[in-house]
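What follows is a predicted structure for the sequence shown.
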There are 2 protein chains.
Amino acid sequence: MTQAEFPAPLRGPIVNLPASKIREISRVGMGQPGVIPLWFGESDEPTPAFIRQAAAAALEAGQTFYTPNRGVPELRQAIVDYLRRLYGIDMSLERITVTASGMNAIMVALQCLVGAGDNVVMVGPMWPNAAEVVRIMGGEPRFADLTPGPAGWQLDLERLFAACDGQTRAVFVNSPGNPTGWMMPAAQQAALLEFCRARRIWLLADEVYARIVYGRPHAPSFLEIARPEDPVIAINSFSKAWSMTGWRLGWFTAPAGLGDIFEKMNEYNIAGPTSFAQFGAVAALSRGEPYVAALVQRLGAARDLVQQRLGAMRRVRLVRPDAAFYAFFAVEGMQDSLGFCKEVLARANVGLAPGIAFGPAGEGWIRLCFASSIERLSQAMDRLQPVLD
Amino acid sequence: MTQAEFPAPLRGPIVNLPASKIREISRVGMGQPGVIPLWFGESDEPTPAFIRQAAAAALEAGQTFYTPNRGVPELRQAIVDYLRRLYGIDMSLERITVTASGMNAIMVALQCLVGAGDNVVMVGPMWPNAAEVVRIMGGEPRFADLTPGPAGWQLDLERLFAACDGQTRAVFVNSPGNPTGWMMPAAQQAALLEFCRARRIWLLADEVYARIVYGRPHAPSFLEIARPEDPVIAINSFSKAWSMTGWRLGWFTAPAGLGDIFEKMNEYNIAGPTSFAQFGAVAALSRGEPYVAALVQRLGAARDLVQQRLGAMRRVRLVRPDAAFYAFFAVEGMQDSLGFCKEVLARANVGLAPGIAFGPAGEGWIRLCFASSIERLSQAMDRLQPVLD
């Protein structure tokens, strides 16, 4: 529809909002019998029972009322404790806001920072949603893209700095990165933080894959180096490390002194997170370490399998990801990733995500989520072999 | 803090966002021993057991994955069926979006409609949050206020029309209204709809109190008269009629043909509503009528008690509300409603909401939520008597 055909005018940025190209594929294949869906960033296991039971117990106990806007004190304290254990830092409770997902945390943060005429410099290829929020707020997303090399994906920081101008309100970094599995080195993090400090540009650190790393307890985090007064908003989620995608719970940490503002912003976006679900999240943080360890071990085995099988296919160029749960690979001779994913869906009955969904720098590439069982992944590899070899 | 003191700049509208004056009172009184809290718009009863059990069963069954952006098909179909039973209308599934609360529905809708330079005309006194969302989006809320009279609150439609200009993107009507209990007559609804149609202005109908009415099954609804192509977005919530405030679930209906846009907007705001909670909402709609009837009966008795006791106090001027669960009353000689609520909290240990929280037209008035037990309300009346008589 065009503006004239709408019942009444809609804002320009909304009318022009692109649809998710991952959803475009999944909509075609969702009902296809026997399809192996590796398109979404989601484990194929339900949330662990002890977390589900904690939420069910809260329901049973009648925890069905409004909670404080920024979450129940128990959960915010559990986040403080978690950050201390993980990073050895002392984060004050006042700096923590529980949100209705990592996605919602990005929305709340960007509402505070970006208006018409502003821009946000983002490291691509990236999960597209954060860029769409910039557009919803009337701003312009700019991309400072990673480049693939033999040693993995690399960020040219100077190029990122050069992309910033007087209207740049934020730099958005998702590390470990979706779809690439790129992990920003600590030294680069320090340099970027220094730049943002000096230029008074917000640093939005999307760290939802912080725990999905191989051979180390966590990825380098901006939280390890930021001071309380630094312009850093670090976003996290319960979705990935605790397999809680359907729960819609995340959190962010912000500089000291801004608690009142985020209390209002949560009030006007969602009022507060789902009450009883928050008690599941408390269980996840306080008793979830064995689960996270087992999940990462399982994912590591999946990564090895995919690396070995997919990496051996002749048309595939694949860098072993350091983190997250995606194989992001180039396919020789392939230029239309969306069309290719449709072809794979039709010929192999495997659901993949097209690289173009992650920005122009993703064209030519394909994302496969390996948060799945070895059996299922093996079967997917068998099916992909004729197409990719 | 000022802009110069922030770690990096925040948008002007965010810095200037007023804090909720209800929260200002509740923060003082929340920990006060023995306080009777009648400040929030929330029943003092937990969600009925059959709804909680339905969500617990979904948790047990592993319903913990991402759902479709606009909600699970079961819930959207349950909403279609509910609207057919209640209003005798045929709403197509495509027009229904499940949201993370009524609040979030307002946020999603206003993101689509309002940018810098735009305005929204709102019927006041009103729950302040919708006006704050207009400000967050860079727009200007304008108020067309109800006036109190012997026959209840009255809306002067001509004044509302006169408040609209070329930059008016929407008219926001909350009927039945919080805090007034005002119910917009069907004839006024028809005239306003006609005006919005002709002027191509969106009509945002916040109908979350549609079922909390006395002596009739529901309030007049714009859904009864709007055609599928009309610029009407009708917002509802599970919070009030099914006592599900903590669940953070609501929905809206929109004109035909806009489903793709709202699918994207839900994706970029919350991705989707909480998975297992949605199955509780299915139970609420499909098996909740006896509960709603009993709730309204209980609220009716509470309304009678408050009307009788509060109405007899000499300083109080009170109109019997037709709907919702608030007594909204003027206090003779009182000009500072926030200060007065603080005084009542200190002297009587009862938590009330100051009228100024609902816009300038609310000054001089006080809101009391009577969604509480007769025993508790009687005690509150005993305590208020020395202050108000």
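That came through, no problem. Residues are numbered from 1 along each chain as shown, chains lettered A, B, ... in the order given.

Tell me the helix or strand right after the helix or strand of chain A with the lowest mean pLDDT.
In chain A, no helix or strand scores lower on mean pLDDT, DSSP states H and E than helix A:21-29, which sits at a mean of 88. With elements assigned by DSSP states H and E, the helix or strand that comes after helix A:21-29 is strand A:36-37.

Wondering if that following strand reaches chain B at all.
No - on the criterion C-beta under 8 Å from any C-beta of the partner chain, strand A:36-37 is out of touch with chain B, staying 10.7 Å away. From N, CA and C alone the C-beta is placed, and that goes for glycine too.

Mean confidence (pLDDT) on that strand, please.
Across strand A:36-37, the average pLDDT comes to 95.

now do stretch A:268-287
Mean predicted lDDT for stretch A:268-287 stands at 98.

how distant is it from the center of its chain?
Relative to its chain's centre, stretch A:268-287 lies at 19 Å (C-alpha atoms, centre = their mean, to the nearest Å).

same deal with stretch A:249-266?
Distance, centroid of stretch A:249-266 to centroid of chain: 19 Å (C-alpha atoms, centre = their mean).

ok, and for it, which residues are buried?
Residues of stretch A:249-266 classed as buried by neighbour count (16 or more other C-beta atoms under 10 Å in any protein chain shown): A:249-255, A:258-259, A:261-266.

out of those, which are inside helices?
A:Gly259, A:Ile261, A:Phe262, A:Glu263, A:Lys264, A:Met265, A:Asn266 (DSSP state H).

May I see those organised as a markdown table, with distance to chain B added?
As requested, these are arranged in a markdown table below (distance: C-beta to the nearest C-beta, whole Å):
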| residue | distance to chain B |
| --- | --- |
| A:Gly259 | 11 |
| A:Ile261 | 6 |
| A:Phe262 | 10 |
| A:Glu263 | 8 |
| A:Lys264 | 5 |
| A:Met265 | 7 |
| A:Asn266 | 10 |
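
Quick check: of those residues, which lies closest to B:Val331?
Nearest to B:Val331 among those is A:Lys264, at 27.8 Å by C-beta to C-beta.

was I right about the closest one contacting B:Leu17?
Yes - in this structure, A:Lys264 is within contact of B:Leu17 by C-beta atoms under 8 Å, at 5.2 Å.

can you pull the buried residues of stretch A:217-226?
In stretch A:217-226, counting by 16+ other C-beta under 10 Å, buried: A:His218, A:Ala219, A:Pro220, A:Ser221, A:Phe222, A:Leu223, A:Ile225, A:Ala226.

any idea of the pLDDT on the last one?
Taken from the predicted model, the pLDDT recorded for A:Ala226 is 98.

what are the phi and psi values for it?
Phi and psi for A:Ala226, reported as degrees, to the nearest 10, are phi -80, psi 140.

so what's it closest to, chain neighbours aside?
A:Val232 (4.3 Å; C-beta to C-beta, 6 or more residues apart in numbering or on different chains).

So A:Arg76 sits against A:Thr67, correct?
No - counting by C-beta under 8 Å, A:Arg76 sits too far from A:Thr67 to count as a contact (10.4 Å).

How far does stretch A:132-149 stretch from one end to the other?
28 Å (C-alpha to C-alpha, to the nearest Å).

now swap in stretch A:144-156 and tell me
Stretch A:144-156 end-to-end distance (C-alpha to C-alpha) = 8 Å.

Quick one: distance of that stretch to the chain centre.
With C-alpha atoms, centre = their mean, you get 19 Å for stretch A:144-156.

swap in stretch A:284-297?
Averaging C-alpha positions (C-alpha atoms, centre = their mean) puts stretch A:284-297 19 Å from its chain's average.

For it, C-alpha coordinates in PDB please.
C-alpha atoms of stretch A:284-297 as PDB (Å, rounded to 0.1, in the frame of the first residue of the first chain):
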ATOM      1  CA  ALA A 284      18.900 -19.200  35.500                       C
ATOM      2  CA  LEU A 285      21.500 -16.900  36.900                       C
ATOM      3  CA  SER A 286      21.900 -18.400  40.300                       C
ATOM      4  CA  ARG A 287      21.800 -22.100  39.400                       C
ATOM      5  CA  GLY A 288      22.400 -22.100  35.700                       C
ATOM      6  CA  GLU A 289      26.200 -22.400  35.400                       C
ATOM      7  CA  PRO A 290      26.200 -26.200  34.900                       C
ATOM      8  CA  TYR A 291      23.600 -25.800  32.200                       C
ATOM      9  CA  VAL A 292      25.600 -23.100  30.400                       C
ATOM     10  CA  ALA A 293      28.700 -25.300  30.500                       C
ATOM     11  CA  ALA A 294      26.900 -28.300  29.100                       C
ATOM     12  CA  LEU A 295      25.200 -26.200  26.400                       C
ATOM     13  CA  VAL A 296      28.600 -24.700  25.300                       C
ATOM     14  CA  GLN A 297      30.100 -28.200  25.200                       C
END
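
which parts of it are buried?
A:Ala284, A:Leu285, A:Ser286, A:Gly288, A:Glu289, A:Tyr291, A:Val292, A:Leu295, A:Val296.

Of the residues you listed, which is the nearest to chain B?
Within the buried residues of stretch A:284-297, proximity to chain B (C-beta to the nearest C-beta) peaks at A:Ala284, which comes in at 11.6 Å.

Please name the residues that touch that closest one.
A:Ile51, A:Phe238, A:Trp242, A:Met244, A:Tyr291 (C-beta atoms under 8 Å, 6 or more residues apart in numbering or on different chains).

want to try CSV for the residues you listed, with secondary structure, distance to A:Ala348 and pLDDT as columns?
Shown next, in CSV, are those (DSSP: H, G, I helix; E, B strand; the rest coil; distance: C-beta to C-beta, whole Å; pLDDT from 0 to 100):
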residue, secondary structure, distance to A:Ala348, pLDDT
A:Ile51, helix, 34, 98
A:Phe238, coil, 33, 98
A:Trp242, coil, 31, 98
A:Met244, coil, 30, 98
A:Tyr291, helix, 32, 98
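
tell me, which of these make contact with chain B?
Answer for the contacts of A:Ala284 near chain B (C-beta under 8 Å from any C-beta): A:Met244.

In CSV, list the buried residues of stretch A:284-297 along with distance to A:Glu24.
Below are the buried residues of stretch A:284-297 laid out as CSV (distance: C-beta to C-beta, whole Å):
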residue, distance to A:Glu24
A:Ala284, 32
A:Leu285, 35
A:Ser286, 40
A:Gly288, 34
A:Glu289, 38
A:Tyr291, 33
A:Val292, 32
A:Leu295, 29
A:Val296, 31
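
and those residues, which two are the farthest apart?
It's A:Ser286 and A:Val296 that sit farthest apart of the buried residues of stretch A:284-297, by C-beta to C-beta, at 18.5 Å.

Can you tell me how far A:Ala163 is from A:Val123?
In this view, A:Ala163 and A:Val123 are 10 Å apart by C-beta to C-beta, to the nearest Å.

measure stretch A:93-111 end to end?
Separation of the first and last residues of stretch A:93-111 by C-alpha to C-alpha is 22 Å.

for stretch A:249-269, same thing?
14 Å.

Chain B contacts on the stretch 251-389 of chain A?
Residues of the stretch 251-389 of chain A lying near chain B (C-beta under 8 Å from any C-beta): A:255, A:257-258, A:260-261, A:263-265, A:267-277.

For the least confident helix or strand of chain A, buried residues please.
A:Lys21, A:Ile22, A:Arg23, A:Glu24, A:Ile25, A:Ser26, A:Gly29.

residues in contact with the spatially closest residue to A:Asp206 that is not a sequence neighbour?
Leaving aside its sequence neighbours, A:Asp206 sits nearest to A:Asn174 (C-beta to C-beta, 6+ apart; 4.0 Å). Taking C-beta under 8 Å, 6+ apart, we find A:Asn174 in contact with A:Val123, A:Met126, A:Trp127, A:Ala130, A:Asp206, A:Glu207, A:Val208, A:Tyr209.
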